[in-house]
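> One predicted model, sequence on top.
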Amino acid sequence: MNEGEFTELLVASRSGDQVAWSSLVRLVYTDLQRLARRQRSHNAIPTTLGTTGLVHESYMRLAGTGKDHIENRKHFLNLASRIMRQVLCDYARLRLRDKRGGGVKHEELTDIEVEEQSEAQNLIWIDELLTKLEAENPTWARVVECRFFTGLTDDETAEALGLTLRTAQRNWHDARKWLADHLE
């Protein structure tokens with residue numbers, strides 16, 4: 001679906017057209033599934049949060065923003081990237097909190113649990129770095145959200161952020177360099 005069709009359905013749904021809203025919900029859900037599958041296949045971050053869980057939680061948060069707040073497909077992709085980052089980081093924090101136990105009898109962790117805990121800690125670390133990057137260069141931070149947390153392509157990232165393809169590519173390169181320099 002192109003930008004014009006998405007916006008047309010969005011406008012119609014705001015005018016009370018329930019058929020348009022139902023169509024838009026199906027499209028948004030399908031887009032979220034595609035983005036979540038892509039994100040899960042490209043990034044080794046919380047393996048215990050499945051694609052379906054990521055899609056449902058992201059969808060619930062997106063639906064909570066209300067259709068009146070989504071401007072167009074570009075805005076939706078940008079918002080979805082931010083929400084997926086929040087969902088993944090919230091989930092990682094919850095996993096780490098649960099693993100700390102709060103007075104519950106501690107048991108030895110399995111190799112899988114150790115890996116999950118390490119993935120969750122790495123995700124929180126990346127989120128903290130991204131927050132620092134956001135203070136220095138908000139556009140680079142948005143590009144990282146789109147590429148890393150949602151798995152958007154160069155073209156989709158450029159579309160979501162309203163950038164030219166070359167600018168999105170350059171920002172992704174520069175943001176990765178910044179992150180690499182700050183990983184120490």
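Structure received. Because the structure is predicted, anything quoted here is derived from the model rather than measured.

> Flag every buried residue along the helix or strand harbouring residue 21.
Using DSSP states H and E, residue 21 falls within helix 18-42. Buried positions in helix 18-42, judged by neighbour count with 16 or more other Cβ atoms under 10 Å: 20-21, 23-25, 27-29, 31-33, 35-36, 38-40. Yep, even glycine has a C-beta here, placed from its N, CA and C like the rest.

> before we move on, what about stretch 152-164?
Neighbour-count burial for stretch 152-164 [16+ other Cβ under 10 Å]: 152, 154, 156, 157, 158, 159, 160, 161, 163.

> what would these look like in TSV with secondary structure, pLDDT and distance to residue 174?
Below are the buried residues of stretch 152-164 laid out as TSV (DSSP: H, G, I helix; E, B strand; the rest coil; pLDDT from 0 to 100; distance: Cβ to Cβ, whole Å):
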residue	secondary structure	pLDDT	distance to residue 174
152	coil	86	17
154	helix	94	14
156	helix	89	19
157	helix	93	13
158	helix	95	15
159	helix	89	19
160	helix	89	18
161	helix	93	14
163	coil	95	13
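
> Run the angle between the helix or strand following the helix holding residue 21 and helix 18-42 for me.
Next helix or strand after helix 18-42 toward the C-terminus (DSSP H and E): helix 51-65. For helix 51-65 against helix 18-42, the angle by axes from the mean of the first three to the mean of the last three Cα atoms, to 10 degrees is 140 degrees.

> gap between helix 51-65 and the chain center?
10 Å (Cα atoms, centre = their mean, to the nearest Å).

> Stretch 173-184 too?
19 Å.

> Kindly export that stretch (C-alpha atoms) in PDB.
Provided in PDB are the C-alpha atoms of stretch 173-184 (Å, rounded to 0.1, in the frame of the first residue of the first chain):
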ATOM      1  CA  HIS A 173      26.700   5.100   8.900                       C
ATOM      2  CA  ASP A 174      27.500   8.000  11.200                       C
ATOM      3  CA  ALA A 175      25.300   6.800  14.000                       C
ATOM      4  CA  ARG A 176      26.800   3.300  13.900                       C
ATOM      5  CA  LYS A 177      30.300   4.900  14.100                       C
ATOM      6  CA  TRP A 178      29.200   7.100  17.100                       C
ATOM      7  CA  LEU A 179      27.700   4.000  18.800                       C
ATOM      8  CA  ALA A 180      30.900   2.000  18.200                       C
ATOM      9  CA  ASP A 181      33.000   4.800  19.600                       C
ATOM     10  CA  HIS A 182      30.900   4.900  22.700                       C
ATOM     11  CA  LEU A 183      30.600   1.200  23.300                       C
ATOM     12  CA  GLU A 184      33.900   1.200  25.300                       C
END
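
> outside of that stretch, which residues touch it?
126, 129, 130, 132, 133, 136, 137, 140, 141, 143, 144 (Cβ atoms under 8 Å, 6 or more residues apart in numbering).
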